[in-house]
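1. With the input below, show me the fold.
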Amino acid sequence: MRDLRVIKNEKGMQSILVATVMIPLLFMILAMMVQIDVMAKANQAVQEASFEAARAGVISDTAVDTALDTAYNWCGGALPGWSKGDRVDVTANLVGSGSNQELTVNVAYSVPVFVEVLFKNSGTEIIKVNGVSKMKIEEKF
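-> Sure thing, here's the model as predicted:
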């Protein structure tokens, strides 16, 4: 009769242990990549919004009101919470008089944090990005 031996595969348990450690680590890395991508897009959006708002305000007769409206309407559907009083804060200041006026537009956006565990040690649950643009108002003809 044949001698039946049980062949043990000792690598099976090791593979399971490695998988239980690596899968959560890979998900954390993926979540971090998504968070960084959202922060980069938000940073680009606030820079563009502040520039376009200052540009629109400079050519308008009501510089501050036009700049505020332009900034609030800039990324309405692109970023979550981009509306007045939600996650975005816009300020516009007109300094100077006559032909020596400068319009400064500041746009601040609170980036949503998807995985709070990643950012708990930073002391804040909110990540803010800011964009500032300053333009001189020329004489209108």
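
2. for the protein, what's the longest helix?
-> When the chain is parsed with DSSP state H, its longest helix is helix 11-58.

3. Sketch out the low-pLDDT regions of this protein for me.
-> 1-12, 117-125, 139-141 (pLDDT under 70).

4. Which residues are in contact with residue 103?
-> Neighbouring residues of residue 103 by C-beta atoms under 8 Å, 6 or more residues apart in numbering: 54, 57-58, 63-64, 67, 92-94, 134-137. Bear in mind the C-beta positions are built from the backbone N, C-alpha and C, glycine included.

5. Would you write out the PyMOL command that picks the buried residues out of the residues you listed?
-> Typed into PyMOL, the line below selects the buried ones among the contacts of residue 103, using 16 or more other C-beta atoms under 10 Å:
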select buried, resi 54+57+58+63+64+67+92+135+137
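
6. The contacts of residue 103 in helices, which ones?
-> Among these, the ones falling in helices (DSSP H) are 54, 57-58, 63-64, 67.

7. Present these as CSV; the columns should include distance to residue 75.
-> Output for the ones in helices among the contacts of residue 103, formatted as CSV (distance: C-beta to C-beta, whole Å):
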residue, distance to residue 75
54, 16
57, 17
58, 20
63, 21
64, 20
67, 15
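
8. Out of those, flag the one nearest to residue 129.
-> Nearest to residue 129 among the ones in helices among the contacts of residue 103 is residue 54, at 17.1 Å by C-beta to C-beta.

9. Leaving out chain neighbours, which residue sits closest to that closest one?
-> residue 133 (4.0 Å; C-beta to C-beta, 6 or more residues apart in numbering).
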